[in-house]
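Visitor: sequence first, predicted model second:
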Amino acid sequence: MFDYGASGSASSSRRGSRELEAGDGSSGRSSAKLLKSISSADSRDSQSLSQGVLIGGFGSFALVVNNISGPGMLDFPQAFQAAGWAVAVPTIVAVACASAAVASSLASVHKIDRDNKGKDVEFCELFGDAYGAKVFGMTQGLYFLNLFSQNLAAIVTTAQAMDSLFAAAFGSSKAVVVAPLRGQARVVSWRGCSVEGCIPFDDAPPGVAFTAGYAFCLLTLGPLGFVTLRENMFAQKVSFVLLLVLCLQFLMYFTQHAGRGEVRAVGSRPWDVVGVVIFNFAFCVTVPSWLNEKRRRVSAKKTIWASCLTSAVGYCAVGWLGGLAFACASDNVLTELTAAEAPVTVRMGGGLFAFFIIGLGVPVFCVLMRYNLVAGGVSELWSVAVGGVGPWMLSWLFYRGHGILVVLAWSGLILNAGIDFIAPMLLVLKTAESDRDRKRAAALLAVVSCLVLIGLGLKMYQGLGNLDPVMDIMDRR
């Protein structure tokens, strides 16, 4: 195994893990290895009590579901209208099963590596142990850029939704607009969107806007990025409960307005759903940190499979009913749910969804970035500064820059393709101990690679606007 030296000690001391010494002599190695495995497994729960309770079964299920199915639900009404239910439903189920298989395989590799080392192992460390220092550094860089770019976009999206919520609840939201080149700063008000899909404070004077919605997110979500994953679990449980409640509210609203839109068996653009589904099941990067802090009795595979299948049901329900409720659903159904014509309760629900579902994912990514930076030898201070503070220092500068948010979203999407799907299966293939395991890993790698490449290609094709003439003819009909 690759030895990280000081970085391993830093990671170990952060979570209270410790190396256990093996016995000397060849005759005692088997007994020592067994004792090490049992002792390290039994001691992890007790060692962690001083730093907070480990993540139990409900918390594990809530965390994994939140990582999979929160913001991703917003894309599915449009995807169902474009692809049709006969294409969308089987695609969702198939990708859910493939994603669960990849995550379960990664969990098995993590368990072996963690037991061998006798301490917690982060996502990037798995690749260092299998491939060496260079691959570890490359993986850490891609991992960090992936989470950092997604966090920037998520912070801005949540802040804009909170400003819309403030405008709906109190009549207006406030912002300080700073024009550095002119040396001017002024307080402006925004009374909400008059047209669908507008950006808050879009009509404000030129400059950088520090809004009430952003300040609220910074004060409430920011501190959660400086604690541990298990100390975020109360917020994640609240997020999960609200995810269920708000989804039920939205489904009731969709049912009441069913008939405005149409979901055919096969739509005019059946390929649209592939990319949407694949990249909304990208959660493997979060798995090792959760495995490090869950209770030993919690089954990783059962939790992963239950979370993936539950998310699949949620995607199907929201996509199908949402597609029936709107004549032409947008790629972000919050636009319709927070529009002026929607009831106040639904608009409030849309704002709460943005904060508790999308927003509470931000500190989780901050924690994961910190963990992996420490595992790579970065000091606690710098890991907090870069992983915990960095996203908040930069995101407010992009509040009014819609173009940069598109770039950030696409960069995260492209990085997801490699880091969440293909890389874990390459790791599983590398660490397979038998021919049977290698053949199984190679087959799953081939399937996942084809799905990811097809999905990424189609999503880029769709995003760049290179529409097929046949599709235009079918749309006119």
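Guide: Here it is on my side, so go on.
Visitor: which residue ranges of the stretch 351-477 of the chain form helices?
Guide: Assigned by DSSP state H, counting those that start in this stretch, the stretch 351-477 of the chain shows helices spanning 361-375, 380-383, 390-395, 402-416, 423-431, 435-463, 469-476.
Visitor: excluding its backbone neighbours, what's nearest residue 456?
Guide: Leaving aside its chain neighbours, residue 456 sits nearest to residue 417 (5.0 Å; criterion: C-beta to C-beta, 6 or more residues apart in numbering). For every residue, glycine as well, the C-beta is placed using N, CA and C.
Visitor: for the one you found, grab the count of nearby residues.
Guide: Number of residues near residue 417 (other C-beta atoms under 10 Å) recorded here: 22.
Visitor: for residue 68, which non-adjacent residue is spatially closest?
Guide: residue 311 (4.4 Å).
Visitor: any low-confidence regions in the stretch 51-200 of the chain?
Guide: 51-52, 70-72, 193-198 (pLDDT under 70).
Visitor: can you map out the strands along it?
Guide: 173-179, 184-190 (DSSP state E, counting those that start in this stretch).
Visitor: would you convert the ones you listed into a markdown table that also reports mean neighbour count and distance to residue 379?
Guide: Formatted as a markdown table, the strands of the stretch 51-200 of the chain follow (neighbours: other C-beta atoms under 10 Å; distance: least, C-beta to C-beta, whole Å):
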| stretch | mean neighbour count | distance to residue 379 |
| --- | --- | --- |
| strand 173-179 | 19 | 32 |
| strand 184-190 | 14 | 35 |
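Visitor: let me have the ones you listed in JSON lines, extended by distance to residue 342.
Guide: Compiled in JSON lines, the strands of the stretch 51-200 of the chain are given as follows (distance: least, C-beta to C-beta, whole Å):
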{"stretch": "strand 173-179", "distance to residue 342": "18"}
{"stretch": "strand 184-190", "distance to residue 342": "18"}
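Visitor: between those strands, which one is closest to residue 298.
Guide: Comparing the strands of the stretch 51-200 of the chain by their distance to residue 298 (C-beta to C-beta), the top pick is strand 173-179, with 41.7 Å.
Visitor: angle of that closest one against strand 184-190?
Guide: With axes from the mean of the first three to the mean of the last three C-alpha atoms, to 10 degrees applied, the angle from strand 173-179 to strand 184-190 works out at 150 degrees.
Visitor: coming back round to it: so the residue nearest to residue 68 makes contact with residue 66?
Guide: No. Residue 311 is beyond contact range of residue 66, at 9.7 Å (criterion: C-beta atoms under 8 Å).
Visitor: residue 100 and residue 305 touch, don't they?
Guide: Yes. Taking C-beta under 8 Å as the definition, residue 100 is a contact partner of residue 305 at 4.8 Å.
Visitor: so between the two, which is more surrounded?
Guide: More crowded of residue 100 and residue 305, by other C-beta under 10 Å: residue 100, with 24 against 19.
Visitor: so who does that one touch?
Guide: Residues in contact with residue 100, defined by C-beta atoms under 8 Å, 6 or more residues apart in numbering, are 304-305, 307-309.
Visitor: I'd like to know which of these are buried.
Guide: Buried members of these, counted by 16 or more other C-beta atoms under 10 Å: 304-305, 307-308.
Visitor: so which of these is the closest to residue 210?
Guide: Using C-beta to C-beta, the buried ones among the contacts of residue 100 come closest to residue 210 at residue 307, 36.9 Å.
Visitor: for the closest one, what is the enclosing helix or strand?
Guide: Per DSSP states H and E, residue 307 falls inside helix 300-325.
Visitor: check which helices and strands that helix sits against.
Guide: Packing contacts for helix 300-325, counted by 3 or more C-beta pairs under 8 Å, 6 or more residues apart in numbering; DSSP states H and E, involve helix 57-69, helix 76-83, helix 85-117, helix 233-256, helix 287-293.
Visitor: quick one: closest of those helices to residue 266.
Guide: Per C-beta to C-beta, nearest to residue 266 of those: helix 85-117, 5.5 Å.
Visitor: chain center to the closest one: distance?
Guide: 15 Å (C-alpha atoms, centre = their mean, to the nearest Å).
Visitor: quick one: residue 393 and residue 150, what's the gap?
Guide: From residue 393 across to residue 150, the span is 16 Å (C-beta to C-beta, to the nearest Å).
Visitor: list the contacts of the residue most central in space within the chain.
Guide: Geometric centre of the chain, nearest residue: residue 67, 4.6 Å, by C-alpha atoms, centre = their mean. For residue 67, the contact set (C-beta under 8 Å, 6+ apart) comprises 283, 286, 361, 364.
Visitor: closest one of those residues to residue 447?
Guide: Nearest member of the contacts of residue 67 to residue 447, counting by C-beta to C-beta, is residue 283, at 17.7 Å.
Visitor: quick check on the closest one: phi, psi?
Guide: Note on residue 283: its backbone torsions stand at phi -140, psi 0 [degrees, to the nearest 10].
Visitor: what separates the residue nearest to it when sequence neighbours are not counted from residue 212, distance-wise?
Guide: Nearest residue to residue 283, sequence neighbours excluded (C-beta to C-beta, 6+ apart): residue 67, at 4.4 Å. Between residue 67 and residue 212 the distance is 29 Å, computed by C-beta to C-beta.
Visitor: same check on residue 109?
Guide: 46 Å.
Visitor: next one: residue 243
Guide: For residue 243, the distance to residue 212 equals 25 Å [C-beta to C-beta].
Visitor: so residue 260 lies in a helix, does it not?
Guide: No. Counting by DSSP: H, G, I helix; E, B strand; the rest coil, residue 260 is not part of a helix but coil.
Visitor: and it, what does it touch?
Guide: Residue 260 makes contacts with 324-327, as judged by C-beta under 8 Å, 6+ apart.
Visitor: now a PyMOL select for only the buried ones of the residues you listed.
Guide: PyMOL command restricting the contacts of residue 260 to the buried ones, with burial defined by 16+ other C-beta under 10 Å:
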select buried, resi 324+325+326
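Visitor: which one of the contacts of residue 260 is nearest residue 238?
Guide: residue 325 (27.0 Å).
Visitor: my guess is that closest one meets residue 81, correct?
Guide: No. If you go by C-beta under 8 Å, residue 325 and residue 81 don't touch, sitting 10.4 Å apart.
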